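Peer 1: Sequence and predicted structure, then a few things I'm wondering about:
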Amino acid sequence: MRCLLGTWLMLAGPATVAAQSLDALCPTRSLSLLQPDLPTLPGLCFIQDDQRKLGPDDLLSGRWPIQRRDADQLVFTHTRAAYWVYVPLHNPDSSEHTWFLQLDYPLLDEVDFWIYDLDPEGVAPPVLLHAERMGDARRFDMRPVRHRLFLLPLDFRPKQSLGVVIRVHSSGAINIPLSLHTAESAVAGTQDHSLAQGMFMGAMLLLAVFNLTLFLRLRILQPLYNAAYILCGGLFLTSMSGLSFQYLWPQFPWLANVSVPVTEVLAILSLLLFTRAFLDVRADGWPRQAQLIRIFFGIGVLLLALSFWAPYSLIIKLNTVYALACMLGMFTIGIWHQRSGERAARWYVVSWLVFYAGFLFYGLAAFGYIPGFMAQERWMQMALGSQIFLLTYAEVMQLRDLLDRALQIESSARSSLQHQVQARTADLRATMGALRQANQQLRELTLHDPLTGLMNRRGLDESLEQMLKHPDLPGRHAVLAVFDLDYFKRVNDEHGHDVGDAVLKWVAEVLRNLLRRRADVLARFGGEEFVVLLPDTAIADAAVLIQRVLDHVREHAVALEDGRRLSLTLSAGVAAWQPGDTAESLFRRADACLYRAKDAGRDRMVIDSDQDGLADLAP
């Protein structure tokens, strides 16, 4: 009876036969919320498309030889073929549910999905609902879910069956580890993975910053090379995991492929430089090792250039062979130095032993020789993190040994040359004291007038600049007054320059006595001009103080050495600080008032006319 039924179905048409054959080979899997995570899908049907000319109908028709394999075993080494996978699913509940079909291998160039509505009775042909095109050879924003892996949302109606046809093609190895998750489970898994990745990258970043700090503090290149290795190694893992494509260059798919070989070679080059510096591999001490590192470095530079234009399938193989050769060479160099008695070299060798385990399984999974790429990715992260930690620890141990040796040398030198050191220290302290005193005297000379002891023009300029930069200046008052000795030239002509100098000293002393506040700035501007800066002083109060100075000079004659007495007068121009004033504008307004006072008959004070209605105050 079954044979007759099969014969009738074959005669009835190819579509019916194909559907019946496909259903028989690939039974539909019922989903249950009691099992929100299906880490792998067993017994999936797939076909190998060597010519890459098939379509989804070819898989559904059953005209091609179909194979079955569990999802975690859908692992293929580098091949030019495309692979088609069929995943039939059924929602047995009477309510709508959303499930996520997840492909846990991010390094695939093209991943296409076709979602079909299946007839539960198997009578009607499948109906195409929609299709999705993903892969790291396409822009990241083409993915229906923003995720480093390939997530396909499946919206099930009550009692609905969906068939998902998947086509995968890539220039590298092909892994198709498919899993199913409910929406809640997918979100929780994403959060857990983001937390783990954040902790790993944060730890790598801290170690890189620590090494950069050592480089900046000690000015030696070894920590800089280690920091470069940490950053390049971390970027290599993020490129392999798809995170770089998701966050760094989502609009540039070519970078998603180029970043993997480029960061791999950069990491190896950084590690070669670190090894040379850490183990002190110099041509005069270790000529063969130095030559080997130079050869490896030259090959790495060549591969780095090839990574930008050579086919990915070729360059990733060359880079991996190159990386293995470099690792073996650096490990051998470390063993030679360990046997020579270098304590830090022991930690260097141990770090390689830890790293080899993770790299071996990770490389085999990445090339498709073993399943479980995601598990190997976590193991690789632990291996790389452990290696970097051990290298940094070995680096610190080496620095500590160098410091201990330096301290021993210093102690020996101190015991043998203690008296000389003490004598030189005393000489140095004396020299430094004399230098500080000379610097202070030089500053006093540069800021003060040698005749009167008041500040000179440079000292006044610095005081004005400091006052104008004060943050509380807008809410405060400040007044600048410019004094000029009336007919001072007559004093020099009639009595000589010695008397003129005595007069200038006397005026300076008057200013000191009548303007006693510590904040006030008294300066000889040049010749017979004096300038007074009165901070925190209103214009009316300043006018009283300045008038007192003018009255004192007028009422008290200067006693000369020969007994004569010389009467003098002063003229003054006064201006108050206004918002927007600069040192030049404030002085210019006060100086203009001084000229008005002299033009008005001297022996008087003129205040800037903008200040409270005050203008010309004569005695």
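Peer 2: Nice, I can see it. For clarity, every value in this text was computed on a predicted model and none was experimentally measured.
Peer 1: need the strands for the stretch 401-550 of the chain, in chain order.
Peer 2: Secondary structure of the stretch 401-550 of the chain, counting by DSSP state E, counting those that start in this stretch: strands at 478-485, 521-526, 529-535.
Peer 1: So which of the ones you listed is the most surrounded?
Peer 2: Highest mean neighbour count of the strands of the stretch 401-550 of the chain: strand 478-485, a mean of 24 (counted as mean count of other CB atoms under 10 Å). For every residue, glycine as well, the C-beta is placed using N, CA and C.
Peer 1: Tell me the neighbouring strands of it, and mark each as parallel or antiparallel.
Peer 2: In the sheet, strand 478-485 lines up against strand 529-535 (antiparallel), strand 570-576 (antiparallel) (DSSP bridges).
Peer 1: and the ones you listed as CSV, adding mean pLDDT and distance to residue 51?
Peer 2: CSV is the format used below for the strands paired with strand 478-485 (pLDDT from 0 to 100; distance: least, CB to CB, whole Å):
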stretch, mean pLDDT, distance to residue 51
strand 529-535, 92, 91
strand 570-576, 94, 93
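Peer 1: could I get those strands as JSON lines with distance to residue 211?
Peer 2: Output for these, formatted as JSON lines (distance: least, CB to CB, whole Å):
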{"stretch": "strand 529-535", "distance to residue 211": "51"}
{"stretch": "strand 570-576", "distance to residue 211": "58"}
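Peer 1: Tell me which of those strands approaches residue 245 most closely.
Peer 2: Closest to residue 245 of the strands paired with strand 478-485, according to CB to CB: strand 529-535, at 62.9 Å.
Peer 1: hang on, the earlier thing: among the strands paired with strand 478-485, which is nearest residue 517?
Peer 2: Closest approach to residue 517 among the strands paired with strand 478-485 (CB to CB): strand 529-535, 7.9 Å.
Peer 1: so where is the stretch 51-200 of the chain shaky, pLDDT-wise?
Peer 2: Within the stretch 51-200 of the chain, the ranges that satisfy pLDDT under 70 run 122.
Peer 1: quick one on the thing from earlier: any chance of JSON lines for the strands of the stretch 401-550 of the chain, columns distance to residue 234?
Peer 2: Output for these, formatted as JSON lines (distance: least, CB to CB, whole Å):
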{"stretch": "strand 478-485", "distance to residue 234": "58"}
{"stretch": "strand 521-526", "distance to residue 234": "59"}
{"stretch": "strand 529-535", "distance to residue 234": "57"}
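Peer 1: And for residue 162, nearest residue in space, chain neighbours not counted?
Peer 2: residue 89 (5.3 Å; CB to CB, 6 or more residues apart in numbering).
Peer 1: Please determine how far that neighbour is located from residue 325.
Peer 2: 46 Å (CB to CB, to the nearest Å).
Peer 1: Let me know the next secondary structure element after the helix or strand where residue 207 lies.
Peer 2: Using DSSP states H and E, residue 207 sits within helix 183-218. Scanning forward in sequence from helix 183-218 by DSSP H and E, the next helix or strand is helix 221-241.
Peer 1: Show me what counts as buried in the helix or strand following that following helix.
Peer 2: Remark: after helix 221-241, the chain's next helix or strand is helix 243-247, criterion DSSP H and E. Neighbour-count burial for helix 243-247, counted by 16 or more other CB atoms under 10 Å, picks out 243-246.
Peer 1: Show me the shaky parts of the stretch 351-500 of the chain.
Peer 2: Ranges of the stretch 351-500 of the chain meeting pLDDT under 70: 357-377, 413, 416-419, 421, 438, 440-445, 471-475.
Peer 1: Next one: the residue lying closest to residue 169 once chain neighbours are set aside from residue 247, what distance?
Peer 2: What sits nearest to residue 169 in space, not counting adjacent residues and going by CB to CB, 6+ apart, is residue 82, at 4.0 Å. Separation of residue 82 from residue 247 (CB to CB): 29 Å.
Peer 1: Please apply the same query to residue 142.
Peer 2: Distance, residue 142 to residue 247, using CB to CB: 16 Å.
Peer 1: do the same with residue 141
Peer 2: 13 Å.
Peer 1: Pick out whichever of residue 89 and residue 325 has more residues nearby.
Peer 2: residue 89 (21 against 14; other CB atoms under 10 Å).
Peer 1: Surely the more buried one and residue 97 touch.
Peer 2: No. The criterion here is CB atoms under 8 Å, and residue 89 misses it with residue 97 at 10.5 Å.
Peer 1: Common neighbours of those two, please.
Peer 2: Residues touching both residue 89 and residue 97 (CB atoms under 8 Å, 6 or more residues apart in numbering) are 31, 156.
Peer 1: Give me the distance between residue 84 and residue 64.
Peer 2: Counting by CB to CB, the gap from residue 84 to residue 64 is 8 Å.
Peer 1: Overlap of the contact sets of these two?
Peer 2: Common neighbours of residue 84 and residue 64, using CB under 8 Å, 6+ apart, are 47, 54, 58.
Peer 1: Give me the subset of the residues you listed that lies in strands.
Peer 2: Counted as lying in strands by DSSP state E, out of the shared contacts of residue 84 and residue 64, are residue 47.
Peer 1: ranking the shared contacts of residue 84 and residue 64 by neighbours, who comes first?
Peer 2: Using other CB under 10 Å as the neighbour criterion, residue 47 leads those with 20 neighbours.
Peer 1: quick one, longest helix in the chain?
Peer 2: Criterion DSSP state H: the longest helix present in the chain is helix 373-416.
Peer 1: so what secondary structure elements neighbour it?
Peer 2: Helix 373-416 sits against helix 183-218, helix 221-241, helix 253-278, helix 343-366, with contacts defined as 3 or more CB pairs under 8 Å, 6 or more residues apart in numbering; DSSP states H and E.
Peer 1: let's go with 10 Å and repeat that
Peer 2: helix 183-218, helix 221-241, helix 253-278, helix 343-366, helix 418-447 (3 or more CB pairs under 10 Å, 6 or more residues apart in numbering; DSSP states H and E).
Peer 1: which stretch among the ones you listed comes nearest residue 72?
Peer 2: Evaluated with CB to CB, the helices and strands packed on helix 373-416 place helix 343-366 nearest to residue 72, the distance being 11.1 Å.
Peer 1: still on that earlier bit, ok, which of the strands of the stretch 401-550 of the chain comes nearest residue 129?
Peer 2: Shortest distance between residue 129 and the strands of the stretch 401-550 of the chain, using CB to CB, is found for strand 478-485: 80.5 Å.
Peer 1: send the alpha carbons of the closest one over as CSV?
Peer 2: Only the C-alpha atoms of strand 478-485 are listed here, as CSV (Å, rounded to 0.1, in the frame of the first residue of the first chain):
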residue,chain,number,x,y,z
ALA,A,478,39.9,99.9,41.6
VAL,A,479,41.4,103.3,41.0
LEU,A,480,44.6,104.3,39.1
ALA,A,481,46.3,107.6,39.7
VAL,A,482,49.1,109.1,37.8
PHE,A,483,51.3,111.8,39.5
ASP,A,484,53.7,114.3,37.9
LEU,A,485,56.1,116.7,39.7
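Peer 1: related to what we said a few turns ago, could you list everything the residue nearest to residue 169 pairs with in the sheet?
Peer 2: Beta-bridge partners, per DSSP bridges, of residue 82: residue 49.
Peer 1: Who are the contact partners of it?
Peer 2: Applying CB atoms under 10 Å, 6 or more residues apart in numbering, we find residue 82 in contact with 47-54, 110, 112, 167-170, 174.
Peer 1: likewise residue 462?
Peer 2: Neighbours of residue 462 in contact, by CB under 10 Å, 6+ apart: 446-447, 455, 521, 583.
Peer 1: same question, residue 572
Peer 2: Neighbour list for residue 572: 481-484, 530, 532, 543, 546-547, 549-550, 590, 593-594, 597-598, 603-607, 617 [criterion: CB under 10 Å, 6+ apart].
Peer 1: any idea how far residue 476 is from it?
Peer 2: Distance, residue 572 to residue 476, using CB to CB: 22 Å.
Peer 1: again, but for residue 354
Peer 2: Using CB to CB, residue 354 is found at 67 Å from residue 476.
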